[in-house]
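1. Give me a 3D structure for the following:
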Amino acid sequence: MHEILLLCLSLILSVSFLVVLSKKLKVAYPIFLVIAGLVISFIPGIPDVQINPDLVFLIILPPVLYDAAQNTSWKALWKWRRIIIVMALGFVLLTAGAVAWVSWLLIPGFTLAQGFLLGAIISPPDAAAATSVLQFTKLPKGMVAILEGESLLNDASSLVIFRFALAAIISSSFVWYNAAGGFVLVTLSGIAIGLVLGLVFYAIYRWVPTNSNLDIAFALVLPYLIYLAAETVHSSGVLAVVTGGLFISYKNHYVLSHSSRLKSNAVWPSIVFMLNAVVFFLIGLQLPGIIEGVKAVSMGEAFKIALIITGVVILVRLVSALFSAVFTKFISRYITVAQNKPGWRNPVVLSWVGMRGVVSLASALSIPLMLNGHPFPNRNLILFITFMVIIITLVGQGFTLPLVIKWIKPGGLENEKTDEQQLLEIEMQLYSAAVAKLSDEYKTDLDNNTMLKSRHELFKYKVELFKASANDAEKRAETNEMMQRFKKVMMEVMEHERTALHTFRTNDAFDDDIIRIIENRLDLEEERLQEEGD
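-> From the prediction side, this is the model:
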């Protein structure tokens, strides 16, 4: 037990230092961690590392998907619903079909069923990799929303295809209408289970007297409970978690306190980041064991096959994206679409954000070792191809993505409001509401309470400032400069307050819990200023 604990702590500490180094080098952490794992795996004496697929599917995937669903915009999901569904389902099916056909032609003794199995494994892009790489670039919000929506659903579609392909290999039979009916059943039942358990937890949040600590405890349990419930009845645990997460995210503003939301926003990103970081590092450590297992073909032939299939995966996504753009332009004559002239730039960039990762490797590792008393055919070769697709797309596309974006220059929607404009309009409306509330209902308090009067004057000044800046770019620049200066000065003032606060720690007349209350207030104020400045 002590050895396992020390191993886990060492792994987390090592990964944390590597992430710090990646930030210094300005390299996306999934890319850096995979490369670091690859390098470390060839150091003599390093033991072979094997990722248990249950570790990914049962421990890592549910909270990662739940957190992604919590941070997904319902408006954006509905606005881009058509292209998201096409990418999450259509692109996955096309990729799986193309990989099945090419691998059947390339690999001696490889069946179409095994090809579909491989295609299902390597078809879904990894959301965590794309998100971390995009931190170093800037994409239009619509494209980010499309990628986030795709990442929520493509794992589900690929895992369902994987399940049916594996069943076809095991049973040596495939009936397309049974598979299609099963696909629909698994999808609908997964959505239903997610909604039902989401409603149960909504009722708990709504009517049971909880506090912020209990709310977070329930939130940590919920994704695992939903996933296990769905998988127990052979439904889609991924779709169930996504559905439940989306439902709770839509309702949490009505049932959770501000304290619960603040603590949740602090807890979830840290948990998800660490889970993703550890797995990307472990992916890099897999290579020696995977290479050693390839015996069906020579290593040179295995590399050649992996490179060809990787090229097919990239090409199919690119062609699919460009065809979707052409079809969108055509169909916009008959129905309303979010963007009736997508052009070629945005589709090309969307196609290049196709890095594979954790789910692909976990799916490959979950292939059974034995089939009817014999070794599963080509299992090790499938593992090797999967690993190479992950490495090439993650490192190759990940490193070049910022350059591709800089070269192609994708564009946003016409008449799309900038973040700055949206913030200005909303804040102006909120401050106007606050001024009206104070002026109408608290006139006496404004005359007698200096603090309220001061706050009222501040609100009024901000409303006037925002109104003057609404249609004047020069005024907006001046306002932004003023706010940045305000932020800088207030940050320095609060740091001075914090220094003064620490002097009370040595004074026995003041309790530490009271000092922590004041410190928490300063932290919240600093966080608010930081968000306003960003």
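2. Tell me how far Ile391 lies from Ala98.
-> To Ala98, Ile391 is 20 Å away according to Cβ to Cβ, to the nearest Å. Where you see a C-beta, it was placed from the backbone N, CA and C, and this is true even at glycine.
3. brain fart, Phe459
-> 59 Å.
4. need the next SSE after the lowest-mean-pLDDT helix or strand in the chain, C-terminal direction.
-> Every helix and strand of the chain was ranked by mean pLDDT, DSSP states H and E. The lowest is helix 127-134, at a mean of 70. Once helix 127-134 ends, the next helix or strand along the chain (criterion: DSSP states H and E) is helix 141-171.
5. What's the mean pLDDT across that next one?
-> Mean pLDDT, computed over helix 141-171, is 81.
6. so how far is it from its chain's centroid?
-> Averaging C-alpha positions (Cα atoms, centre = their mean, to the nearest Å) puts helix 141-171 14 Å from its chain's average.
7. Same check on stretch 329-341?
-> On the basis of Cα atoms, centre = their mean, stretch 329-341 sits 28 Å off its chain's mean C-alpha point.
8. same question, stretch 196-209
-> In terms of Cα atoms, centre = their mean, the centre of stretch 196-209 is set 25 Å apart from its chain centre.
9. which residues touch it?
-> 210, 215, 218, 222, 225-226, 229, 240, 243-245, 247-248, 251-252, 254-256 (Cβ atoms under 8 Å, 6 or more residues apart in numbering).
10. what do you get for stretch 27-39?
-> Residues contacting stretch 27-39 (Cβ under 8 Å, 6+ apart): 15, 18-19, 21-23, 25, 126, 128-129, 132-133, 135-136, 276-277, 280-287, 355, 357, 390-391, 394-395, 398-399.
11. all helices for the stretch 151-300 of the chain, in order.
-> Taking DSSP state H, counting those that start in this stretch as the criterion, the stretch 151-300 of the chain contains helices spanning 176-207, 212-232, 237-255, 258-285, 287-293, 299-331.
12. and those, which is most packed in?
-> A comparison of those by mean neighbour count, using mean count of other Cβ atoms under 10 Å, puts helix 237-255 on top with a mean of 23.
13. Would you mind pulling up the elements that that one packs against?
-> The contact analysis (3 or more Cβ pairs under 8 Å, 6 or more residues apart in numbering; DSSP states H and E) places helix 237-255 against helix 61-70, helix 74-79, helix 141-171, helix 176-207, helix 212-232.
14. what's the angle from the first one to helix 141-171?
-> Pointing back at helix 61-70 there. 150 degrees (axes from the mean of the first three to the mean of the last three Cα atoms, to 10 degrees).
15. that older thread, which one of the helices of the stretch 151-300 of the chain lies closest to Glu495?
-> helix 258-285 (20.7 Å; Cβ to Cβ).
16. Compute the inter-axis angle for that closest one and helix 212-232.
-> Angle, helix 258-285 to helix 212-232, by the same axes, to 10 degrees: 50 degrees.
17. how far does helix 258-285 sit from the chain's center?
-> Taking mean C-alpha positions (Cα atoms, centre = their mean), helix 258-285 and its chain are 11 Å apart.
18. which helices and strands sit right next to that helix?
-> Using 3+ Cβ pairs under 8 Å, 6+ apart, helix 258-285 is in contact with helix 2-25, helix 29-41, helix 61-70, helix 127-134, helix 212-232, helix 358-365.
19. buried residues in the first one?
-> Of the residues in helix 2-25, those scored as buried under the neighbour-count criterion (16 or more other Cβ atoms under 10 Å) are 15, 18-19, 22.
20. Taking helix 258-285 as reference, get the angle to that helix.
-> Interaxial angle, helix 2-25 versus helix 258-285 (the same axes, to 10 degrees): 90 degrees.
21. average pLDDT across helix 2-25?
-> For helix 2-25, the mean confidence score works out to 83.
22. Run through who's touching that helix.
-> With Cβ under 8 Å, 6+ apart as the test, helix 2-25 has contacts from 28-29, 31-33, 36, 274, 277-278, 281.
23. how about these, which pair is most distant?
-> The widest separation within the contacts of helix 2-25 (Cβ to Cβ) is 17.3 Å, between Ile31 and Met274.
24. between the helices of the stretch 151-300 of the chain, which one is nearest to Tyr442?
-> helix 258-285 (22.2 Å).
25. What is the burial count for Ile59?
-> 14 (other Cβ atoms under 10 Å).
26. Can we start the residue count at 160 from this point?
-> Yes, from this point I'll number from 160; that puts the last item at Ile218.
27. can you pull the contacts of it?
-> Leu434.
28. again, but for Phe625
-> 583, 586-587, 590, 638.
29. Report the buried members of the residues you listed.
-> Neighbour-count burial (16+ other Cβ under 10 Å) applied to the contacts of Phe625 gives 583, 587, 590, 638.
30. Please render these as JSON lines that adds distance to Phe489, pLDDT and secondary structure to the earlier fields.
-> Listed next are those as JSON lines, based on distance: Cβ to Cβ, whole Å; pLDDT from 0 to 100; DSSP: H, G, I helix; E, B strand; the rest coil:
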{"residue": "Leu583", "distance to Phe489": "38", "pLDDT": "74", "secondary structure": "helix"}
{"residue": "Met587", "distance to Phe489": "41", "pLDDT": "80", "secondary structure": "helix"}
{"residue": "Tyr590", "distance to Phe489": "46", "pLDDT": "81", "secondary structure": "helix"}
{"residue": "Thr638", "distance to Phe489": "44", "pLDDT": "77", "secondary structure": "helix"}
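31. Pick the one among the residues you listed closest to Glu684.
-> For the buried ones among the contacts of Phe625, the nearest to Glu684 is Tyr590 (17.7 Å; Cβ to Cβ).
32. Next one: that closest one relative to Glu637, how far apart?
-> Between Tyr590 and Glu637 the distance is 18 Å, computed by Cβ to Cβ.
33. what's the burial count for Thr559?
-> 13.
34. Which residue comes closest to it once chain neighbours are left out?
-> Excluding the flanking residues, the one nearest Thr559 by Cβ to Cβ, 6 or more residues apart in numbering is Trp511, at 7.6 Å.
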